[in-house]
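> 3D model of this:
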Amino acid sequence: GKYKFYFIPMFLCVVISSLGMIAGIYLLKPAINNYIIPFIGQEHPNLSNFLKLLIVMAITYFITAAAGYINSRIMLKISTGTLFRIRTDMFKHMESLPLKYFDTKTHGETMSLYTNDTDTLRDMLSQSIPQLLSSIITVIGIFIMMIILSPTLTLIVIAMIFVMFFCV
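From the prediction side, this is the model:
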């Protein structure tokens, strides 16, 4: 709850990063079809529009990288702060436990709670949740881009996915 206001910019950065990757991939189509292929065999091609497209691609990838970096920094702050709070709460709780608890548990079990289990929770907060959001947005975005570019080819791909699932 302490970091709930960080989740809005984190979500925006994940969306910007995912959509930026999709946009960068989409910009390869006009680069190849409109500029690279027509320039083959020309001695003095006009590269001004191609240069503009390359600048747009560079800006798109820069914004994508910046959003990814900001997302990483935000998630680092959230996960580190949450991890600190959990370890502090665990220590306070452990101070109130009876001595019998420490007689029945090994030192390794207790230390595992502080190290392995909390680190696993930190990994989930800092990596798994943003990657899950990014993957969902990327799959939906690519599917929409496929429908826009070629509905027929999209249907063939979907049919082949079902065939692959059936075979597996």
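> Residue 134 touches residue 18, doesn't it?
Yes: the pair residue 134 and residue 18 qualifies as a contact (Cβ atoms under 8 Å) at a distance of 4.9 Å. C-beta here means a position set from N, CA and C on the backbone, and glycine is covered the same way.
> more neighbours, the two?
Taking residue 134 and residue 18 together and counting by other Cβ atoms under 10 Å, residue 18 has the greater number of neighbours (24 against 18).
> State the number of residues packed around residue 114.
Residue 114 has 14 nearby residues by other Cβ under 10 Å.
> For the residue nearest to it when sequence neighbours are not counted, give its distance to residue 40.
Counting by Cβ to Cβ, 6 or more residues apart in numbering, the nearest residue to residue 114 once its immediate chain neighbours are dropped is residue 87, at 6.1 Å. Going from residue 87 to residue 40 by Cβ to Cβ, to the nearest Å gives 61 Å.
> go on, residue 135?
Residue 135 sits 37 Å away from residue 40, taking Cβ to Cβ as the criterion.
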